[in-house]
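K.L.:
Here is my input; please provide its structure:
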Amino acid sequence: MTAKERPAALAGSGRRAQLSLFARNFFKHPRMLGSIIPSSPFLVRRLIEQIDWQNAKVLVEYGPGVGTITRELLRRMPPDATLVVLETNQDFVDFLERSLPDPRLKVINGSAETIQEELSRLGLPAADYVLAGIPFSSMPAESRDAILTSSLNALSPAGAMLIYQFSSRVSSDLTRVFSSVERDFEPFNILPAKLYYCRP
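P.N.:
This is a model prediction of the structure:
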């Protein structure tokens, strides 16, 4: 293998490791993930194009999994920004800590319901953006309400919660909690995704 071929080969093996880990955890916890493969580049691009990168100093991601969106956020974030990810699956937490050694990234093994406490513990101000692909439709109503309310309270007044889902069941909860909810759709994903851009 030549020096030129080696980076591509390493990237390919890294991608295979991500897909394998994601698929294994899907079969162990299908209700937690909702899809057997990570989000498509089309979905990631559509979601994060909502972010004003010049004013994105504190970002939060719920359920980062193998880091498909996390990597893109880190690639675009300014040097002085912080990304806090909350993940309940220890396999994913271990993978993220190994594969993304970025000082701007704070990986927390915990629930999205605790976002306010975690920001306070880290000495961070309110979040500019909260991104979430966790399956709201399959969680108990009280958990869904607690996460959405905590997210609203953790956002800065000019912030936004950016959500993608494979079901529209959460739609009524979003309009009840947030003052503004914009809907979008990404067909080029497995499964096609509904997107919601929610503002306080």
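
K.L.:
Sort out which residues of the helix or strand containing Cys198 are buried, please.
P.N.:
Secondary structure assignment for Cys198, by DSSP states H and E: strand 193-199. Taking 16 or more other CB atoms under 10 Å as the neighbour-count basis, strand 193-199 is seen to contain the buried residues 193-198. For glycine as for every other residue, the C-beta is placed from the backbone atoms N, C-alpha and C.

K.L.:
Neighbouring strands of the longest strand along the chain in the sheet, and parallel or not?
P.N.:
Selection of the longest strand in the chain by residue count, based on DSSP state E, yields strand 155-165. Take DSSP bridges as the rule and strand 155-165 pairs in its sheet with strand 127-132 (parallel), strand 193-199 (antiparallel).

K.L.:
give the contact list for the most centrally placed residue in the chain.
P.N.:
The chain has Glu61 as the residue nearest its centroid, 3.7 Å off, counting by CA atoms, centre = their mean. Contact analysis of Glu61 by CB atoms under 8 Å, 6 or more residues apart in numbering lists 69-70, 73, 83-86, 130-132.

K.L.:
Low-confidence bits of the chain, can you list those?
P.N.:
Within the chain, the stretches with pLDDT under 70 are 1-37.

K.L.:
ok, 50 please
P.N.:
1-13, 22, 26-36 (pLDDT under 50).

K.L.:
Other residues contacting the helix or strand hosting Leu86?
P.N.:
Remark: Leu86 resides in strand 82-87, with elements defined by DSSP H and E. Strand 82-87 is contacted by residues 57-65, 70, 73-74, 77, 93, 96, 104-112, 114-115, 118-119, 122, 124, 127 when judged by CB under 8 Å, 6+ apart.
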